[in-house]
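[1] need coordinates for the below:
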Amino acid sequence: MTKKSDKVRRGSPSIKSIHICSRLPASTSRSDFHRRSLLIYDRRLTEGRPKLRAWIQLFPLRYGVDAGEQLKDLARYPLHIQKILSKWNRGGLDRNSHLVALGGGSVGDFVAFTASILMRGVALTLIPTTWLAALDSSHGGKTALNVGGMKNQLGTFYPASKVIIAKELLIRSATKLQFDHSQDALGELFKISLIDGDLFEHIARGPSLRSSDELLWLTLKRAIEAKYRIVDQDPFELRGVRQILNLGHTFGHVIEAHYGWQHGRSVGAGLVFALKWSLHRKILKNPDFNRIETMMRQHEFWIEPPQRPIPQGKALKLITVDKKKIGSRRLRFVFLKKPGAAFIKEIPFDEMIREGVRQRWIR
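    Residues are numbered from 1 along each chain as shown. Next up, the predicted model:
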């Protein structure tokens with residue numbers, strides 16, 4: 001007989017698992033959630049935040065990590081999993097217990113992957129602490145580890161049992177807000193808005209999201225719902241529909257790997273690349289291109305190539321390890337016809353290289 005918890009773990013990603021709230025859930029005498037869970041958290045979150053530190057200490061079993069892409073490195077993973085297993089077993093946890101992730105996208109990817117293989121799958125709760133994770137990476141059920149410096153080469157589909165998005169974790173100082181908005185969150189937000197169309201109209205009519213964290217918070221639910229409208233059609237990427245969400249990512253990953261930029265900024269640059277290429281191929285019309293550019297510039301997020309272009313050999317090498325490649329010389333690229341109308345087309349590597357040279361990203 002299949003247990004209810006097994007059904008949750010094996011199901012598709014679902015908007016029903018999202019809980020948007022003002023504050024983190026407190027410990028109550030009616031719940032043993034904290035006692036029946038192992039919390040894996042970004043240890044830097046405790047710096048200067050006594051309230052959050054006290055909440056973390058509600059968990060008798062906890063494991064602090066240093067967030068970042070190095071956390072997802074396969075070469076380091078065996079040491080982490082040994083320590084996690086030691087705490088899990090010493091605490092008497094079993095297949096009906098929870099792994100809880102508190103942190104940004106790298107922590108979420110790491111913990112979700114671990115939950116998917118620990119005891120062949122345990123319940124997972126994600127609590128994102130960055131705008132990017134709250135908008136994008138906590139949703140859709142993907143997990144990932146990096147191999148040899150190549151991003152997200154190993155992974156599983158493993159939807160979280162619950163995603164808790166707490167406003168108190170996302171509202172930061174003006175300096176932190178500016179970094180998170182401009183370098184991370186807006187890239188993914190604009191991507192999903194160009195795919196969804198309705199979200200694009202909402203953002204285009206409104207004020208700059210960089211002017212107020214409250215404005216981004218009010219947009220959060222719309223953005224998550226827009227992503228799930230795509231994910232629901234193809235939760236495990238079996239039909240090709242979900243690959244539309246790679247808009248801006250194909251060349252964005254090249255930019256991220258070469259320049260070491262933050263993921264959201266790289267996606268934003270990849271969006272501009274895709275928009276210019278769509279215009280050049282006469283897929284996207286000038287009025288639509290101009291309207292999108294105006295919107296992105298209004299939010300101070302139109303990213304042009306830096307003065308140091310990527311060498312062709314390096315760009316080709318990065319393209320060849322992309323997960324969206326087909327065979328040895330082609331990949332799937334997402335073009336945009338207009339806001340709300342993206343589509344996938346197979347493109348030879350050489351054609352992307354030539355376009356990169358034309359746009360002065362590649363030399």
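
[2] can you tell me how far the most centrally placed residue in the chain is from P339?
    For the chain, the residue sitting closest to the mean C-alpha position, by C-alpha atoms, centre = their mean, is S137 at 2.7 Å. With distances taken as C-beta to C-beta, to the nearest Å, S137 is found 23 Å from P339. Placement of C-beta: from N, CA and C, glycine included.

[3] now swap in L79 and tell me
    L79 is 46 Å from P339, where distance means C-beta to C-beta.

[4] for stretch 58-76, which positions count as buried?
    58-59, 61-63, 65, 67, 69, 71-73 (16 or more other C-beta atoms under 10 Å).

[5] correct me, but K162 touches T125?
    Yes: taking contacts as C-beta atoms under 8 Å, K162 lies within contact range of T125: 4.8 Å.

[6] looking at these two, which is more packed in?
    Between K162 and T125, counting by other C-beta atoms under 10 Å, T125 is the more crowded of the two (21 against 18).

[7] rewinding a little: and L79 and P339? Which one has more around it.
    P339 (22 against 9).

[8] quick one, strands of the chain?
    18-21, 37-42, 61-65, 98-103, 123-128, 145-147, 150-154, 162-166, 325-326, 330-338, 341-348 (DSSP state E).

[9] so for I283, which of these sits nearest?
    Within the strands of the chain, the stretch nearest I283 is strand 330-338; the backing value is 5.1 Å (C-beta to C-beta).

[10] what's the average pLDDT for that closest one?
    Strand 330-338 carries an average pLDDT of 95.

[11] kindly report the same for stretch 118-131.
    95.

[12] quick check: buried residues in that stretch?
    Using 16+ other C-beta under 10 Å as the test for burial, stretch 118-131 gives 118, 121-131.

[13] measure it end to end?
    End-to-end distance for stretch 118-131: 28 Å, by C-alpha to C-alpha, to the nearest Å.

[14] with stretch 92-106 instead?
    End-to-end for stretch 92-106, by C-alpha to C-alpha: 27 Å.

[15] pLDDT averaged over it, what's the number?
    For stretch 92-106, mean pLDDT rounds to 94.

[16] from I244, how far off is L220?
    As for L220, its distance to I244 is 21 Å (criterion: C-beta to C-beta).

[17] with N286 instead?
    Distance, N286 to I244, by C-beta to C-beta: 23 Å.

[18] more neighbours: which of these two?
    More crowded of N286 and I244, by other C-beta under 10 Å: I244, with 17 against 9.

[19] please name the nearest non-neighbouring residue to the more buried one.
    Of all residues not flanking I244 in the chain, A342 sits nearest, at 5.1 Å (C-beta to C-beta, 6 or more residues apart in numbering).

[20] equivalent analysis for E201, please.
    P339 (7.4 Å).

[21] tell me how far the one you found lies from V147.
    P339 is 36 Å from V147, by C-beta to C-beta.

[22] for K324, give me its contacts.
    By C-beta atoms under 8 Å, 6 or more residues apart in numbering, the contact list for K324 reads 243, 246, 250, 331-333.

[23] can you select the buried ones among these for me in ChimeraX?
    Per 16+ other C-beta under 10 Å, the buried members of these correspond to this ChimeraX selection:
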select :243,246,250,331,332,333
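
[24] out of the contacts of K324, which is nearest to G313?
    Once C-beta to C-beta is applied, the member of the contacts of K324 that ends up nearest G313 is L331, at 17.3 Å.

[25] so the closest one sits against D350, correct?
    No: taking contacts as C-beta under 8 Å, L331 lies outside contact range of D350: 11.2 Å.

[26] so which of the strands of the chain is nearest Q262?
    Comparing the strands of the chain by C-beta to C-beta, strand 150-154 comes nearest, at 12.9 Å.

[27] what is the closest one packed up against?
    Packing partners of strand 150-154 (3 or more C-beta pairs under 8 Å, 6 or more residues apart in numbering; DSSP states H and E): strand 145-147, helix 249-259.

[28] switch to 7 Å and redo it
    Strand 150-154 makes packing contacts with strand 145-147 when contacts are defined by 3 or more C-beta pairs under 7 Å, 6 or more residues apart in numbering; DSSP states H and E.

[29] find the nearest non-adjacent residue to I15, please.
    Of all residues beyond its chain neighbours, the one nearest I15 is Y228 (4.5 Å), with distances taken as C-beta to C-beta, 6+ apart.

[30] what about the nearest residue to L85 once chain neighbours are set aside, distance to L38?
    Nearest residue to L85 in three dimensions, chain neighbours excluded: L118, at 7.7 Å (C-beta to C-beta, 6+ apart). Distance of L118 to L38, given as C-beta to C-beta: 9 Å.

[31] between those two, which contacts overlap?
    Each of L99 lies in contact with both L118 and L38 under the rule C-beta atoms under 7 Å, 6 or more residues apart in numbering.

[32] residues near Q82, how many?
    Per other C-beta under 10 Å, the neighbour tally for Q82 reads 9.

[33] swap in T320?
    Neighbours of T320 under the rule other C-beta under 10 Å: 12.
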